[in-house]
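In: Quick one: sequence and predicted model below, then my questions.
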Amino acid sequence: MARFDVSLDVRAPASRVWAELVDWRKHADWAPLTSVRITSARPDGVGAVFVARTGIGPLGFDDPMTVVRWEPPAGDAPDDAPGRCDVEKHGRVVHGRAWFVVTPLPGSRSRVVWSEDITVSPHRLTRLTAPLLSVVGKVGFARVLRAMAREAERPLGRA
């Protein structure tokens, strides 16, 4: 299994950061060569299903995911409980779990920690490439979180 964690402090309240992160389609704006489509009736909450397609044309793969834990932050104050969302990855190529935690911080800020435990098919490939997958995942999701933070930190009403 390849594992990575990425942490970023964001100059936006936890509720705003949560809203950005659970707008699954927006992930396509932040991750290169990725599109996202919702395949369930609802895009939010436990049971929501979406598919991230990464690649160009036939040179890509689908990463279907199902939300299995949905606990929005209790509020934006530093003593409010953090929010957590977990998704199960159940595609032909990528399997495992991804989750993020959004913790309120003083001064209308928040901290995001994004984690993944994944394997790729065939499984023997994961054993050989786990260190590389972990580094690539960490670098890639650090970029995604920075892009999300730029959006979350914009004043409301500005595109």
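Out: Done, it's in. Residues are numbered from 1 along each chain as shown.
In: For burial, what's the neighbour tally of the closest residue to residue 24 other than its chain neighbours?
Out: Leaving aside its chain neighbours, residue 24 sits nearest to residue 50 (4.5 Å; criterion: CB to CB, 6 or more residues apart in numbering). For the C-beta atoms, the positions are set from N, CA and C on the backbone; glycine is no exception. For residue 50, the count of nearby residues is 19 (other CB atoms under 10 Å).
In: where's residue 50 relative to residue 141, distance?
Out: 17 Å (CB to CB, to the nearest Å).
In: what's the spacing between the residue nearest to residue 24 and residue 135?
Out: 26 Å.
In: cool, residue 67 as well?
Out: Using CB to CB, one gets 27 Å for the distance from residue 67 to residue 135.
In: The two - which one has more neighbours?
Out: Per other CB under 10 Å, whichever of residue 67 and residue 135 has more neighbours is residue 67, with 21 against 12.
In: Does anything pack onto the helix or strand of the chain with the lowest mean pLDDT? Which helices or strands?
Out: When each helix and strand of the chain is scored by mean pLDDT, DSSP states H and E, helix 123-152 comes last, with a mean of 85. Contacts defined by 3 or more CB pairs under 8 Å, 6 or more residues apart in numbering; DSSP states H and E place helix 123-152 against strand 2-10, helix 14-21, helix 27-30, strand 109-120.
In: can you state the direction angle for that helix and helix 14-21?
Out: Counting by axes from the mean of the first three to the mean of the last three CA atoms, to 10 degrees, helix 123-152 lies at 130 degrees to helix 14-21.
In: List the buried residues of helix 123-152.
Out: Across helix 123-152, burial judged by 16 or more other CB atoms under 10 Å covers 126, 130, 133-134, 137-138, 140-141, 144-145, 147-149, 151-152.
In: Equivalent analysis for stretch 60-71, please.
Out: Neighbour counts over stretch 60-71 (16+ other CB under 10 Å) mark 62-67, 70 as buried.
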